[in-house]
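# Next one to model:
(2 chains)
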Number of protein chains: 2
Amino acid sequence: MQQLKNIDGASTLRRRRITHPDKPLQLDSGETLAPVDIAFETWGTLSPNKDNVIVVCHALTGDQFPAGSNPITERPAWWPRMIGPGLPVDTNRFYVIATNVLGGCMGSTGPASLAPDGEPYGLRFPTITIADMVRAQIALLDNLGIDKIFCVMGGSMGGMQVLEWARQAGDRVQTAIPIATSARQSAQNIGFYEVGRQAIMADPNWCDGAYLAKGTRPDRGLGVARMAAHITYVSEEALKQKFDRRLQNRDKFTFGFDADFQIESYLRYQGATFVDRFDANSYLYITRAMDYFDLLDTENALSNIKARICVFSFSSDWHYTPDESKALVRALNAADIETSYVSLETTKGHDAFLLEEPEFEAALAGFISSAADTHNIAKPSNSENGGAN
Amino acid sequence: MQQLKNIDGASTLRRRRITHPDKPLQLDSGETLAPVDIAFETWGTLSPNKDNVIVVCHALTGDQFPAGSNPITERPAWWPRMIGPGLPVDTNRFYVIATNVLGGCMGSTGPASLAPDGEPYGLRFPTITIADMVRAQIALLDNLGIDKIFCVMGGSMGGMQVLEWARQAGDRVQTAIPIATSARQSAQNIGFYEVGRQAIMADPNWCDGAYLAKGTRPDRGLGVARMAAHITYVSEEALKQKFDRRLQNRDKFTFGFDADFQIESYLRYQGATFVDRFDANSYLYITRAMDYFDLLDTENALSNIKARICVFSFSSDWHYTPDESKALVRALNAADIETSYVSLETTKGHDAFLLEEPEFEAALAGFISSAADTHNIAKPSNSENGGAN
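Predicted coordinates:
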């Protein structure tokens, strides 16, 4: 099992401190946070005029490794078909930056980090919002000396960050690609994540959030939270195709509470492996940030956006439905923002954006490359094959 | 808080022992169970030729009080608009019998009951199936001297029992009304209930099922299970209409983990109140029975059915979808069973069958009364108003 609590000592992670002692991170809650470190990874080469930057934002349980692999968890990239030489996000042409979100547990400052008093924050960590996550990312880009962002992209909660980027850094973001997301967290999704939070908080090993100091972890609660959430990531059709009512390594019911069905075994595995790579308090804070997200919370919320936006949705996604994407597109159109919308047919549900979806990849590649041409971003020479990063 | 563990002493409940010392209940698992008591309630008057019996089957968390009120929980009837004088199930015309299912916790023998050794069964209770529940109900009707069943009806898990009644007691059931149900539990639903079971089992107060003997109860785990399930009972549209992103008695976020949103407060309330009226082990056993339900598990599974069947579904029900009802109707039609199908438009989701749905009530009333006319069941005299039970 990975000892996530030791992650602050993981020297393999790239990370920058984005706060100064006299300049903490200002949060939506009114609180401030310092120091704040943001872990990140990059691929490709920054062009001399720094015009080829693509920021990739991760979903709830993602990390800064959409490409490559995570040296802590040793898990492979979560977007392996999307980012790399010759792929839709072509690292021969673009300089790709991915961060671990503020509040996360893969090297960025979060509730598992040590507070200035030397103890893990736990519930003393301030409540954060999607806007706070993006504030921290903008500070990182400033720190790296990067002003203009050719493109910000991401799915699910990553898509919320994309929209927030376009709003917060209106003059800097040229293109934004929110995928399988929503302008505002729905009541149903708030409900599902509240179930997860209650499952974590019901675990006595959670210790009111102070489990790291006590040398324990609320693995069972976090596992249940993951199981509940995971069902929403897959369409009913996909579950039927993949599992239906098939039994797990047996030919008849055991008439008990073992995992008789493959779907049970699968969900238990999802829960059991998730706790090895994720911090329970991070799960609380990040889901809370999603609950609080409402791009349309003020009347002129979109007036600052100058990016060209391309919204993607998947027909069988019931976590962030095509109807929610359409509502987003309508709001963007109403604000005179140049918006495209690509609605894709698939049975794979919400997780489609992470899976093999050739039509999605082709549409994304086409949009990015055409936008890059519009912005005169240099094309890779034909002789260049591979060799990124 | 209701002391469910004391329910065996509740003298207000009507109940019959359906086993004899030399004739235990035979279960699908191969095990036997004795003694078995089945708690039930009745409304209306049994006609002299006993031709006016309607059996009402309850859903996962229901009880034998679709009409009247539960004397233990003091909760009102769960089908108040459906059963009573002049209502669709007209108690001036019909004799209505409702039981608490085998494995339940409202007076029928279940895991909270005392085993022959004087200790609560807990996990020593045998695993049961929907067919076992119906076996016990048939034994009760035998015990009451009732042979012919004019109609069996119920929603959700009640609908599964209805289908099983029609199959098991083919010669006795004249009419069957499965509502908002499925011929087989889907992978998605097995998954949701597995989440609930894991939440219960993760609660240290569950004590491997022996919590009653230890004087404790896994309330937090059972509460989380209820919250997760409850989301599936309501459509996304209904959650949006009822709660959307409205805050609970506050005008801004508290930036913490309180129930800021109405949907959170609502779900927490559902979880907190549920544990006062339901036994956690019953939740395990009954959801397991639903998992195991597959009406079409053998080639000639439907060959015994002689009832006329009317299937009802609700457009926004994503727990037991209209597509699942259509699949059921196709299977019934293919087996040459006289089948009607009523598909109702509503935004209320799965719980629509329990809520005010005038079109549903009218269609049900029409079907029942027309079928009763066909079977020459005496109509109530015009002078009779009220006075049922």
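# quick one, strands of the stretch 1-150 of chain A?
Under the criterion DSSP state E, counting those that start in this stretch, the stretch 1-150 of chain A contains strands at A:14-17, A:25-26, A:32-33, A:37-43, A:53-57, A:83-84, A:89-90, A:95-99, A:149-155.
# what about the third one, distance to the chain center?
When C-alpha coordinates are averaged (CA atoms, centre = their mean, to the nearest Å), strand A:32-33 and its chain have centres 22 Å apart.
# So is that strand next to chain B?
No. Strand A:32-33 lies out of reach of chain B by CB under 8 Å from any CB of the partner chain, never closer than 12.5 Å. No exception for glycine: its C-beta is placed from N, CA and C like everyone else's.
# What residues does the stretch 251-389 of chain A have near chain B?
So far as CB under 8 Å from any CB goes, the stretch 251-389 of chain A lies against chain B at A:253, A:255-257, A:259-264, A:267-268, A:271, A:284, A:288, A:291-292, A:294, A:318, A:321.
# any chance you could map the helices in the stretch 51-200 of chain A?
Shown for the stretch 51-200 of chain A, the helices assigned by DSSP state H, counting those that start in this stretch span residues A:130-143, A:157-168, A:187-202.
# how about those, which one is nearest chain B?
Closest approach to chain B among those (CB to the nearest CB): helix A:187-202, 3.8 Å.
# Could you name the helices and strands sitting against the helix or strand following the closest one?
Beyond helix A:187-202 on the C-terminal side, the first helix or strand identified by DSSP states H and E is helix A:219-233. Secondary-structure packing of helix A:219-233 (3 or more CB pairs under 8 Å, 6 or more residues apart in numbering or on different chains; DSSP states H and E): helix A:187-202, helix A:262-274, helix A:280-292, helix B:187-202.
# what number of residues lie near residue A:34?
15 (other CB atoms under 10 Å in any protein chain shown).
# Double-check it against residue A:21; I have them as touching.
Yes. If you go by CB atoms under 8 Å, residue A:34 and residue A:21 touch, sitting 6.8 Å apart.
# For the stretch 251-389 of chain A, give the residue positioned nearest to chain B.
Nearest residue of the stretch 251-389 of chain A to chain B: residue A:255, at 3.8 Å (CB to the nearest CB).
# from what I can see that residue touches residue B:29, true?
Yes. Counting by CB under 8 Å, residue A:255 does reach residue B:29; the two are 3.8 Å apart.
# Mutual contacts of these two, please.
Here residue A:255 and residue B:29 have B:126-127 as joint contacts, going by CB atoms under 8 Å, 6 or more residues apart in numbering or on different chains.
# Across the sheet, point out what pairs with residue A:114.
Note on residue A:114: beta-bridge partners residue A:120, judged by DSSP bridges.
# before we move on, back to that, of the helices of the stretch 51-200 of chain A, flag the one that's most buried.
helix A:157-168 (a mean of 27; mean count of other CB atoms under 10 Å in any protein chain shown).
# Close to chain B: what parts of the stretch 101-250 of chain A are there?
Checking the stretch 101-250 of chain A against chain B by CB under 8 Å from any CB, the hits are A:126-127, A:184-188, A:190-192, A:194-195, A:197-199, A:201-204, A:220-221, A:223-224, A:227-228, A:231, A:236, A:239-240, A:242-245.
# change it to 7 Å
Neighbours of chain B within the stretch 101-250 of chain A, by CB under 7 Å from any CB of the partner chain: A:127, A:184, A:186-188, A:190-192, A:194-195, A:197-199, A:202-204, A:220-221, A:224, A:227-228, A:231, A:236, A:239-240, A:243-245.
# re earlier: now the strands of the stretch 1-150 of chain A as JSON lines including mean pLDDT?
Output for those, formatted as JSON lines (pLDDT from 0 to 100):
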{"stretch": "strand A:14-17", "mean pLDDT": "96"}
{"stretch": "strand A:25-26", "mean pLDDT": "98"}
{"stretch": "strand A:32-33", "mean pLDDT": "98"}
{"stretch": "strand A:37-43", "mean pLDDT": "98"}
{"stretch": "strand A:53-57", "mean pLDDT": "98"}
{"stretch": "strand A:83-84", "mean pLDDT": "98"}
{"stretch": "strand A:89-90", "mean pLDDT": "98"}
{"stretch": "strand A:95-99", "mean pLDDT": "98"}
{"stretch": "strand A:149-155", "mean pLDDT": "98"}
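# CSV for those, including mean neighbour count?
Formatted as CSV, the strands of the stretch 1-150 of chain A follow (neighbours: other CB atoms under 10 Å in any protein chain shown):
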stretch, mean neighbour count
strand A:14-17, 16
strand A:25-26, 17
strand A:32-33, 17
strand A:37-43, 22
strand A:53-57, 28
strand A:83-84, 25
strand A:89-90, 24
strand A:95-99, 25
strand A:149-155, 28
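# Now render the ones you listed as CSV, adding distance to residue A:139.
Below are the strands of the stretch 1-150 of chain A laid out as CSV (distance: least, CB to CB, whole Å):
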stretch, distance to residue A:139
strand A:14-17, 9
strand A:25-26, 7
strand A:32-33, 11
strand A:37-43, 7
strand A:53-57, 13
strand A:83-84, 23
strand A:89-90, 23
strand A:95-99, 10
strand A:149-155, 13
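# I figured residue A:54 hits residue A:88, correct?
No. Using CB atoms under 7 Å, residue A:54 is not in contact with residue A:88, being 10.3 Å away.
# which other residues reach stretch A:61-69?
The contact list for stretch A:61-69, computed with CB atoms under 7 Å, 6 or more residues apart in numbering or on different chains, reads A:39-41, A:43, A:56, A:58, A:70, A:75-80, A:82-84, A:98-100, A:106, A:158, A:278.
# now swap in stretch A:347-359 and tell me
Against stretch A:347-359 from outside (CB under 7 Å, 6+ apart): A:78-79, A:81, A:155-156, A:179-180, A:232-235, A:237-238, A:241, A:314, A:316-320, A:344, A:346, A:360.
# same deal with stretch A:205-217?
Here stretch A:205-217 makes contact (CB under 7 Å, 6+ apart) with A:5, A:112, A:119-120, A:122-123, A:200, A:218, A:221, A:280-281.
# so residue A:147 makes contact with residue A:173?
No. If you go by CB under 7 Å, residue A:147 and residue A:173 don't touch, sitting 10.9 Å apart.
# So for those two, which residue has more residues nearby?
Between residue A:147 and residue A:173, counted using other CB under 10 Å, residue A:173 has the larger neighbour count: 24 against 13.
# Show me what the more buried one is bridged to.
Beta-bridge partners, per DSSP bridges, of residue A:173: residue A:149.
# Distance check, it against residue A:153.
11 Å (CB to CB, to the nearest Å).
# ok so, going back, so among the contacts of stretch A:347-359, which ones count as buried?
Buried residues within those, counting neighbours by 16 or more other CB atoms under 10 Å in any protein chain shown: A:78-79, A:155-156, A:179-180, A:232-235, A:237-238, A:314, A:316-320, A:344, A:346, A:360.
# Now, of the residues of the stretch 251-389 of chain A next to chain B, which are buried?
Going by neighbour count (16+ other CB under 10 Å), these have A:253, A:255, A:257, A:259-264, A:267-268, A:271, A:284, A:288, A:291-292, A:294, A:318, A:321 buried.
# tell me the domain ranges of chain A?
What automatic domain parsing lists as the domains of chain A is A:7-184+A:297-374, A:190-288.
# where does the stretch 1-150 of chain A dip in pLDDT?
Residue ranges of the stretch 1-150 of chain A with pLDDT under 70: A:1-11.
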